[in-house]
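Visitor: heads up, no residue letters with this:
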């Protein structure tokens, strides 16, 4: 209901603009734009223009632009073949959004065109996120954002926090393109991360994880390398599905105890899935 | 009153220092310092040394150093011709301070010697600011900081926030040196910015802005490029005065609705001016 | 008591891991690991494996890994001769932890192998910290972390804050390896820092400090250079012990007044030591 109202408003603004100024003129200016033949039609269909898809945990918002302005697309460094983009990101969390986006690319005909990680978490110790899906058809962009928003309830399951910091654990049996883009995960293999903040806790968890099982460490990220200056240490690893899980479970047990030493018992605001 | 007390204290400290140690000695050490003939005299005039000018919204403070220590000036990378500097910056806001500084350079015989943008906003998603004005005469530095502080009430007018994020819009009919230094704005032309946080909202507003009017986009800044890792997307554009305004108004209408979808109705803590 | 429970848990996890999977196998994989002859023995001694040492102000945690996993050590860029590491860092404060670590390296047979400074302070304007001590013997790593944790009460003494920002002052009569690694302090000489946030206050304090005494400025750090994008200006200086103190005292007097102009009287949460 609220969603419909927002979409109506967004489209009304965009349509008012389009009535005043022919979109054809603008698009002729840009010779780089190859795939927008259907553009003008879509611009006149409400709900096919700029769509508000929804919101989720972590102040996450999901949006779709059916026909990105060609000049803006160029500035954003997006391949012109992606006429439509899905926009998905929040204030709190990068891992949850990236793992959710990974499911979304598996479930839709889209590509990950950008993953950017601000220093955020609303005053917490970690990242926020901005993920852009590219699609040739707006329906694909829409589907990707819908899947990602829905999956966020799950991927926030193993995020634990208290006043002193946070822990995050993510696991997938089969990494796809978002995890490859964000973490260099080998596609098709099980892939996990352990995140500890303050960073000292992340160091211990990384050591516990590599000792707990035979895993292939893809990267070790710390405040000055591999993070956006966050107070986190992140271990990123692939391997046999059982080993990846075992490493996470061992690290989580230790991490919860250590973070608890600095404050209240760390709680998840959703339901743990690992 | 409070301002007078602070100035008295600051000057008393500096004067006590100067009585104990001849300033002449120190300044002879630095051969790079060309323009401080009147320095010693000023150092003995209370209110001509280091001045507290005032505070304003966003935990912004305005200060003047009449005669910057020559070694420090060198470390700061400031041209020795600027004997005096104005110091102006806050915890919350870069846009408001930069646009206010732009009016200040127009209204005073000063130059912008530095604009630095920390990742701040007191736990929010954006920047803080540190702006240094250079002046040959202390009275000019003082005037610049006074004008900038006074203008901040206006330039915070189109900053809207709620618990989930913030939006910012700025407009000038004629960009000057601060906007050129900070954003690459062409001097003498109308120049506007739209800022959305979380960044996803900024993407949509950027698309709405470029579609709303014929504007020249100067830059598109996002968490990993052109910002200090903030959770913002910033569109920077110049053009015909009416077009720049039209782009801002359209983006603002959409942005307010989108940010409102994540929390309470976004409110300005001052009076909108665009 | 609580500390004992945490250690028991950590060791139980690590031991369970080790029972399931021979540590010998893993260590043969890594030819780079030279100094872990006693490793397997230690792994079976509770309290010799991964130790929780304690917590302190600023959400600081102190931990020891007796025998870092050789693959992880490589990823962390730590010299293989350091079999054991001490891990020490917090959400709030870099200066207090670095000065405390400096005393710790003086008091133990350890080296500083890493100092990383996230953008943190729990939504405040400054840094957090992650400091790694390297040691050939676990007892040395333990001692370093213990000394550092205990010294933190002192080094937080001249950290003053209010809602608008913070000030920090640190002084040592004789800088050692942590101060050299973090700030380039000449070893063996008196070394001080003044930190002001918002950054504008730090500029004024830097100017007051250099005018107050004959000091050798080692560096001037600001939001865009020498900090992790914090809203701070930091002056770093060595020199004659009396001069370093005099510079700090003068800067502190002015800084407290200026920060007080933006909010409540800035208070230290510990006991000033300078």
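Guide: Good, I have the coordinates. Not measured: the values here are computed from a predicted model.

Visitor: burial of the residue in the stretch 1-150 of chain A positioned nearest to chain B, as a residue count?
Guide: When distances are taken as CB to the nearest CB, the stretch 1-150 of chain A reaches nearest to chain B at residue A:123, 2.9 Å away. C-beta coordinates here come from the backbone N, C-alpha and C atoms, glycine included. Taking other CB atoms under 10 Å in any protein chain shown as the neighbour definition, residue A:123 ends up with a count of 17.

Visitor: please apply the same query to residue A:163.
Guide: Counted with other CB under 10 Å, residues neighbouring residue A:163 total 12.

Visitor: which residues sit in contact with the nearest residue to it once chain neighbours are set aside?
Guide: If the residues on either side of it in the chain are set aside, residue A:163 comes closest to residue A:263, at 4.7 Å by CB to CB, 6 or more residues apart in numbering or on different chains. With contacts defined as CB atoms under 8 Å, 6 or more residues apart in numbering or on different chains, residue A:263 is in contact with A:162, A:163, A:164, A:165, C:59.

Visitor: apart from its chain neighbours, what residue comes closest to the first one?
Guide: Okay, so that is residue A:162. The shortest distance from residue A:162 to any residue that is not its chain neighbour, by CB to CB, 6+ apart, is 4.1 Å, and that residue is residue A:263.

Visitor: quick check: which element contains the one you found?
Guide: Secondary-structure element containing residue A:263, defined by DSSP states H and E: none, the residue being outside all helices and strands.

Visitor: distance of it from residue C:145?
Guide: 20 Å (CB to CB, to the nearest Å).

Visitor: one more: residue A:218?
Guide: The span separating residue A:218 from residue C:145 equals 29 Å under the rule CB to CB.

Visitor: compare those two (neighbour count), which wins?
Guide: The residue with more neighbours, out of residue A:218 and residue C:145 and counting by other CB under 10 Å, is residue C:145; that gives 29 against 21.

Visitor: tell me the first helix or strand C-terminal of the helix or strand encompassing that one.
Guide: Residue C:145 is part of helix C:138-155 when elements are defined by DSSP H and E. Next helix or strand after helix C:138-155 toward the C-terminus (DSSP H and E): strand C:159-162.

Visitor: mind listing the strands that next one pairs with, and their directions?
Guide: Each strand paired with strand C:159-162, and its direction, by DSSP bridges: strand C:165-172 (antiparallel), strand C:267-268 (antiparallel).

Visitor: least reliable of these going by mean pLDDT?
Guide: Looking over the strands paired with strand C:159-162, mean pLDDT reaches its minimum on strand C:267-268, with a mean of 94.

Visitor: list the contacts of it.
Guide: By CB under 8 Å, 6+ apart, the residues outside strand C:267-268 that reach it are C:156, C:157, C:158, C:159, C:160, C:161, C:162.

Visitor: shouldn't residue A:224 be in contact with residue C:117?
Guide: Yes. When contacts are counted by CB atoms under 8 Å, residue A:224 is listed as touching residue C:117 (7.1 Å).

Visitor: who's more crowded, the two?
Guide: For residue A:224 versus residue C:117, neighbours defined as other CB under 10 Å are more numerous around residue C:117 (24 against 15).

Visitor: and the pLDDT for the more buried one?
Guide: According to the per-residue confidence, residue C:117 scores 97 in pLDDT.

Visitor: which residues touch it?
Guide: For residue C:117, counting by CB under 8 Å, 6+ apart, the contacting residues are A:223, A:224, C:94, C:127, C:128, C:129, C:130, C:182, C:227, C:228.

Visitor: contacts only, for the fourth one.
Guide: So the one you mean is residue C:127. For residue C:127, the contacting residues are C:93, C:94, C:117, C:118, C:119, C:120, C:121, C:227, C:228, C:230, C:232, taking CB under 8 Å, 6+ apart as the criterion.

Visitor: that one bridge partners, please.
Guide: With DSSP bridges as the rule, residue C:127 is bridged to residue C:119.

Visitor: quick check: the gap between it and residue A:199.
Guide: Here the criterion is CB to CB. By it, residue C:127 lies 12 Å from residue A:199.

Visitor: how much space between residue A:114 and residue A:143?
Guide: In this structure, residue A:114 and residue A:143 are separated by 18 Å, where distance is defined by CB to CB.

Visitor: likewise for residue A:221?
Guide: For residue A:221, the distance to residue A:143 (CB to CB) stands at 31 Å.

Visitor: and what of residue A:79?
Guide: As for residue A:79, its distance to residue A:143 is 19 Å (criterion: CB to CB).

Visitor: who has more neighbours out of these two?
Guide: Remark: of residue A:79 and residue A:143, residue A:143 carries more neighbours, 21 against 12, as counted by other CB under 10 Å.

Visitor: okay, and for the stretch 1-150 of chain A, where does confidence drop off?
Guide: A:1-4, A:9-10, A:13-48 (pLDDT under 70).

Visitor: please list the residues of it that sit near chain C.
Guide: Along the stretch 1-150 of chain A, the residues adjacent to chain C under the rule CB under 8 Å from any CB of the partner chain are A:119, A:122, A:123, A:124, A:125.

Visitor: can you tell me which of the residues you listed are buried?
Guide: Neighbour counting over the residues of the stretch 1-150 of chain A next to chain C (16 or more other CB atoms under 10 Å in any protein chain shown) leaves A:119, A:122, A:123, A:124, A:125 as the buried ones.

Visitor: tell me where chain A has strands.
Guide: In chain A, the strands defined using DSSP state E lie at A:50-56, A:60-65, A:84-89, A:111-116, A:130-135, A:159-162, A:165-172, A:190-197, A:216-221, A:233-239, A:267-268.

Visitor: most packed of these?
Guide: Here the criterion is mean neighbour count by mean count of other CB atoms under 10 Å in any protein chain shown, and of those the winner is strand A:84-89, at a mean of 30.

Visitor: kind regards, and thank you for your time.
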